[in-house]
Structure formats: structure tokens, C-alpha cells
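Novice: Just a sequence and a predicted model for now, questions to come.
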Amino acid sequence: MGIGRPMSMDKERVSFNLSRLKKGGKNFEVVVDPDNAIAFKKGNEIDIHDVLKGEHVFTDAKKGVFAPENDMKSLFNSSDPIKVAEIILKTGEIQLTTEYRDKLREEKKKRIIGLIQRNAADPKTMLPHPLTRIENAFEQVKCKIDEMKSAEEQVDEVVKALRTVLPIKIDQVLMQLHVPPQYAHQAYGVIKRGGGIKQETWGNDGSLVVKIEIPAGMQDEVTGKLNEMTHGGVDIKILGE
């Protein structure tokens, strides 16, 4: 499934987790399960019935105002709320409640701190920093977490900020991945979300060769995920540390 416009974290306070689309000068909304809506938007195979919290399309979900069938018919070529909802989810924007955004940020924060604690060391002693020391440094530099980016994408920026108050080093490993064509696009999404792409080459057959640099401690996690996704079809070479 394709991804439409980038997901938006609207500053407006919303009472429900919504997917919203403005079309023909009119507003259309569906109430969604936030986790499934985000996954659906990213192209994961999820039944739309598991995304929607009720099979209704609204012009204003907060007030319970349903979208007129004639508006849906003229603008979406269908008055079927499920078909209209799918278009809204694919091409509209996801708007999350403040509470859910806070929950996502807290989850990402814990994940980022865990990754740093697992992969980083004090360059003077080469021993890992205690978790509480990293947490205290995190609070001291007031790191900002983007709830819509993966933890892996944000580790480098957080480490850069932490270095202003905490001596810290993360060993990196350079890997080359050769992904067969039938898995290449799906694998590329996972690789890109993990960050660290240094070079990529697409073959005429649709295969992908990509070089990535990641924290050495994440090597097993990345290779395990790719092997599972490609059923062991990915060729992995370690180029250096």
C-alpha cells in the first residue's frame, strides 16, 4: 500500500485519534486506532476494519456530524464508508491526541536510551555508562523526541546532544546487504527507517545492494530482522568497524 502525504502532528487538540482529509473544500474524518493507522499508513498489511473505530465517515467527528452520502459520492466516487475511509487513510493526515503523542514520545525515549546504554561506552574506561547516568544526561540537555521517527533514526542526534555533558562513544560497523528483488522494496523501508545508509544500488532485476553503518551492538538485531523478512535470502557482508 502506498503512502500519501506525510503524517502530520497537528497542534490542534483533538478528542479522538483521527485520519483527516480535506477534499473539494470539505472536511472528511474517520476515527482510528492509532497504532494500526500508523502501520497502515506506512504500508503494512493490516485489515482496514482493524484500523477504523467504527465504519463511519464524519465531517466533524468530535460533534458526531456524518459526511453526506452525496458529498462522498461526488468527491470519492463512492458512498461506501469503508472505501472512502481507505482513501482518507492513504492520502490524508493522521492527527493524534496529546495523550497518545506523549505515550509515543515516552516509548521512543526509553527505546533510544536503551539502545545507547547497550551500544555506548565511556571512551576513557571503555565501560558502559549506567542507565541512570544516561537518563540524567538526557534530561539535562533536554533532548527532543520525534514521535513519528523510529528510535534508530534518532540515536545519532541524541548521542550528539549527550556528548555536550557526557563522554560517550558508540562503535560503528559498516555492512553491505544484497537483497533479492522480491524482498527489496520491503527491506529498503526497514533499512531506511534504521538510518545510516551510505550507498545504495538498484539492479536491473530489482535487487538492492546497500551499504549501511550502524552501532555495532545493533548488528544482530538488524541481520536477524532482515533474515526473517527475506527468509534467509539476504546476503550480508561485514566491511569493517
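Specialist: Perfect, I can see it now. Computed from a predicted model, the values in this text were never measured in an experiment.
Novice: residue furthest from the geometric center of this protein?
Specialist: residue 70 (35.7 Å; CA atoms, centre = their mean).
Novice: So what sits opposite residue 170 in the bridge?
Specialist: residue 120 (DSSP bridges).
Novice: who's in contact with it?
Specialist: Applying CB atoms under 8 Å, 6 or more residues apart in numbering to residue 170 gives the contacts 116, 119-121, 155, 159, 215-216. No exception for glycine: its C-beta is placed from N, CA and C like everyone else's.
Novice: switch to 10 Å and redo it
Specialist: Residues near residue 170 by CB atoms under 10 Å, 6 or more residues apart in numbering: 115-116, 118-121, 123, 155-156, 159, 214-218.
Novice: thinking again about what came up before, now the helix or strand containing the residue farthest from the centre of the chain: buried residues?
Specialist: Taking DSSP states H and E as the criterion, residue 70 maps to helix 69-76. Using 16 or more other CB atoms under 10 Å as the test for burial, helix 69-76 gives 71-72, 75-76.
Novice: can you pull the buried residues of the host helix or strand of residue 177?
Specialist: Assigned by DSSP H and E, residue 177 falls within strand 172-179. Neighbour-count burial for strand 172-179 flags 172-173, 175, 177-179 (criterion: 16+ other CB under 10 Å).
Novice: how about JSON lines for the residues you listed, with distance to residue 199 and pLDDT added?
Specialist: Formatted as JSON lines, these follow (distance: CB to CB, whole Å; pLDDT from 0 to 100):
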{"residue": "172", "distance to residue 199": "15", "pLDDT": "78"}
{"residue": "173", "distance to residue 199": "15", "pLDDT": "81"}
{"residue": "175", "distance to residue 199": "11", "pLDDT": "88"}
{"residue": "177", "distance to residue 199": "11", "pLDDT": "92"}
{"residue": "178", "distance to residue 199": "12", "pLDDT": "94"}
{"residue": "179", "distance to residue 199": "14", "pLDDT": "94"}
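Novice: Could you export the strand holding residue 177 as PDB, CA atoms only?
Specialist: Extracted in PDB, the C-alpha atoms of strand 172-179 (Å, rounded to 0.1, in the frame of the first residue of the first chain):
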ATOM      1  CA  GLN A 172      30.000   1.600  14.300                       C
ATOM      2  CA  VAL A 173      30.100  -1.300  11.900                       C
ATOM      3  CA  LEU A 174      29.900  -1.000   8.100                       C
ATOM      4  CA  MET A 175      27.800  -3.700   6.400                       C
ATOM      5  CA  GLN A 176      26.900  -4.500   2.800                       C
ATOM      6  CA  LEU A 177      23.500  -6.000   2.200                       C
ATOM      7  CA  HIS A 178      22.400  -7.700  -1.100                       C
ATOM      8  CA  VAL A 179      18.600  -8.100  -1.100                       C
END
